[in-house]
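In: Attaching a predicted model along with its sequence, questions to come.
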Amino acid sequence: MDWAFHGEGGDEFAVKNEDAVIETFRAAGPASIQEFAHARRVLAGGVDSPVRAGKPVGMHPPVLCAARGSHVTDADGRDYIDYLCAYGPVLLGHADASVSAAISAAAANGAVFGATHPSEVRLAERIRRHLPSMELLRFVSTGTESCMSAIRVARSFTRRHKIVRFTGNYHGHCDEMIFSAGASSNSNATIAAGITPAAAGNVITLSYNDLAAVAAAFAEHGHEVAAVIVEPVCANMGLVLPIDGYLDGLRRLCDRSGALLIFDEIITGFRLGLGGAQAWCSVKSDLTCIGKVLGGGLPIAAFGGRADVMSVLAPDGEVFQGGTFSGNPLCVAAAHALLDRLEGDPTFYEDLSAKSSQLAAGAKAALEDAGLAYPVVQIASIVDFMFRTGEPHRDYAAARESDAAAYARFYHAMLERGIHLAPSQMEVMFVTAAHTEEDVGRTIAALREALRAGIA
């Protein structure tokens, strides 16, 4: 089978056949290769999410069979220090004992009710204490549902059609959000990607961190814009921080036009701190979407905001939104266990940030020693560097300048040294409470070895 892969920057690198991939990279052992071949016979593309196929790095990653603490184990029994962390949900570490116990206790009383239960009400109250902008909220199962529902609510409340969003921001895979998005989506607004002109026509897609472009869009379409949806801190095109005044500027432009400001905090909620990115930047959104970390590893998300805005939801209003598994007892119990830990440990975020800072500093020193001027970016427990020189990138166009083939070599070199990263450089490294100083030290040593091997 011939493989031709396009990296995130658009560069193509090719291998002649699958055997050549294995020979070149030696990333996956024989059991993983066999399991993936089996998967391709029953799962579309062999995966349930495209990035898992590993095309940006030249072949599929190892097939994982177990995860505990900061480590994962593949089908061949190989152990890795994990920084993929399921693309963000894992904050306490894999198979955290307190979360597992909470799930088991809840399961004994029934996995799903299809009715309101006291524990979900109490969870909503706890979330609102930390994110007061979410005056009313609803639970869903995924980040895609959360963002999709928030957009529908915004349109109903404003009676407007258009949404402003930003290239490289990922808000799930609904039709209006998937094209020109980050997170290795690589989708265009074409019928080949399943996107109709009607869906694309209601979206104004702009460059992140360019406030002038947003002002211009509002000058032309302000009376049509229902909402601006944004990752306040972007982690789906590498790690991108907002420039000074950017988020405040979005807030002002929305206020002037009557549009709503939606913060997609699917990644940042409860990862940057109990108050999320909005506490970090001191900007209040009208609607907020959270997920990933919230469930302690289980699928639960939420959207919420101003009470008057959320009142458009049925049964009080005309907007339908629902889900069979929304707010189910198992996921709610896992979320309570997570919050118990975060609220009960006053140094949790400080300790986690210290480990992340240690990792970022070690990566920076290793890059410098290798003669590579790649900027390292870190906030809280997220660490990232792209294979591009200069200042940290500020938008998707700059992210696409990165050397995709170099990252592919780096990915495999790290995997061979026991470090499990995302199989795409549009993703980031996540640090958990379970990572130890030894883990970080081993990771830095592996990074030095990989860079000395000339992969970049």
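Out: Here it is on my side, so go on.
In: okay, CA-based contacts and neighbour counts for the rest of this
Out: Fine.
In: any idea which helix or strand carries the residue most central in space within the chain?
Out: Centroid-nearest residue in the chain: Ile267, 4.8 Å away (criterion: CA atoms, centre = their mean). Under DSSP states H and E, no helix or strand contains Ile267.
In: residues contacting it?
Out: Ile267 makes contact with Gly88, Pro89, Ala235, Ile290, Gly291, Lys292, Val293, according to CA atoms under 8 Å, 6 or more residues apart in numbering.
In: Out of these, flag the one nearest to Arg400.
Out: Ala235 (14.2 Å; CA to CA).
In: Show the pLDDT at that closest one.
Out: Note on Ala235: pLDDT of 97.
In: which strands and helices sit next to whichever strand or helix holds Leu250?
Out: Under the criterion of DSSP H and E, Leu250 resides in helix 246-257. Judged by 3 or more CA pairs under 8 Å, 6 or more residues apart in numbering; DSSP states H and E, the packing partners of helix 246-257 are helix 211-221, strand 225-230, strand 260-265.
In: Now find how far off-centre the last one is within its chain.
Out: If I follow you right, that is strand 260-265. Strand 260-265 sits 15 Å away from the centroid of its parent chain (CA atoms, centre = their mean, to the nearest Å).
In: Show me the contact partners of that strand.
Out: By CA under 8 Å, 6+ apart, strand 260-265 touches 147, 150, 154, 171, 226-232, 250-251, 254, 276-277, 285-291.
In: again with the first one
Out: The set of residues external to helix 211-221 that reach it, using CA under 8 Å, 6+ apart, is Ile204, Leu206, Ser207, Val225, Tyr246, Gly249, Leu250, Leu253, Ser257.
In: Let's see that with 7 Å instead.
Out: Residues outside helix 211-221 that contact it (CA atoms under 7 Å, 6 or more residues apart in numbering): Leu206, Tyr246, Gly249, Leu253.
In: Quick one: work out the angle between it and strand 225-230.
Out: Orientation of helix 211-221 against strand 225-230 (axes from the mean of the first three to the mean of the last three CA atoms, to 10 degrees) gives an angle of 160 degrees.
In: buried residues in helix 211-221?
Out: Leu211, Val214, Ala215, Ala217, Phe218 (16 or more other CA atoms under 10 Å).
In: where do the strands sit along the stretch 301-450 of the chain?
Out: 301-305, 376-379, 382-385, 419-420, 429-430 (DSSP state E, counting those that start in this stretch).
In: I'd like those written out as TSV, with mean pLDDT and distance to Asp96 added.
Out: Shown next, in TSV, are those (pLDDT from 0 to 100; distance: least, CA to CA, whole Å):
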stretch	mean pLDDT	distance to Asp96
strand 301-305	98	19
strand 376-379	98	23
strand 382-385	98	20
strand 419-420	98	19
strand 429-430	98	16
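In: winner for burial among these?
Out: Most buried of the strands of the stretch 301-450 of the chain by mean neighbour count (mean count of other CA atoms under 10 Å) is strand 301-305; its value is a mean of 28.
In: Can I get it as PDB, trimmed to CA atoms?
Out: What follows is strand 301-305 as a C-alpha-only set of coordinates in PDB (Å, rounded to 0.1, in the frame of the first residue of the first chain):
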ATOM      1  CA  ALA A 301     -19.400  18.700  28.700                       C
ATOM      2  CA  ALA A 302     -21.600  21.800  29.400                       C
ATOM      3  CA  PHE A 303     -22.600  25.100  27.900                       C
ATOM      4  CA  GLY A 304     -24.100  28.000  29.800                       C
ATOM      5  CA  GLY A 305     -24.200  31.700  30.200                       C
END
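In: Poorly predicted segments of this protein, please.
Out: The model of the chain has pLDDT under 70 over residues 1-27, 456.
In: any idea how it splits into domains?
Out: 3-94+347-452, 97-344 (automatic domain parsing).
In: how distant is the last one from the center of its chain?
Out: So that's domain 97-344. 12 Å.
In: first vs last residue of it, how far apart are they?
Out: 15 Å (CA to CA, to the nearest Å).
In: Over to stretch 135-143?
Out: For stretch 135-143, the end-to-end distance is 19 Å (CA to CA).
In: Same question for stretch 230-244.
Out: 15 Å.
In: can you check stretch 84-103 too?
Out: Terminal-residue distance, stretch 84-103 (CA to CA): 23 Å.
In: do stretch 223-243 as well
Out: End-to-end distance (CA to CA), stretch 223-243: 27 Å.
In: What of stretch 197-209?
Out: 26 Å.
In: Could you do stretch 254-264 as well?
Out: 16 Å.
In: likewise stretch 321-331?
Out: First residue to last in stretch 321-331 (CA to CA) measures 19 Å.
In: hmm, who's touching that stretch?
Out: In contact with stretch 321-331 (CA under 7 Å, 6+ apart) are residues 103, 106-107, 111-114, 120, 139-141, 149, 295, 298-300.
In: give the contact list for Ile382.
Out: Taking CA under 7 Å, 6+ apart as the test, what Ile382 contacts is Ser356, Val428, Met429, Phe430, Val431.
In: Can you name the two of those residues that sit furthest apart?
Out: Most distant of the contacts of Ile382, by CA to CA, are Ser356 and Val428, 12.2 Å apart.
In: for the contacts of helix 211-221, which one is nearest Leu342?
Out: Tyr246 (29.3 Å).
In: Hmm, Tyr208 and that closest one touching each other?
Out: No - contact between Tyr246 and Tyr208 fails when scored by CA atoms under 7 Å: they sit 9.1 Å apart.
In: The two: which is more packed in?
Out: Tyr208 (26 against 17; other CA atoms under 10 Å).
In: you'd agree the more buried one is up against Asn169?
Out: No - using CA under 7 Å, Tyr208 is not in contact with Asn169, being 8.0 Å away.
In: what sits up against stretch 297-313?
Out: Contacts for stretch 297-313 (CA under 7 Å, 6+ apart): 89-90, 133-143, 146, 150, 153, 156-157, 286-292, 294, 317-320, 331, 334.
In: oh, I was asking about stretch 124-137
Out: Contacts of stretch 124-137 (CA under 7 Å, 6+ apart): 274-275, 284-288, 302-307, 310.
In: in that stretch, what counts as buried?
Out: Ala124, Glu125, Ile127, Arg128, Leu131, Pro132, Ser133, Met134, Glu135, Leu136, Leu137.
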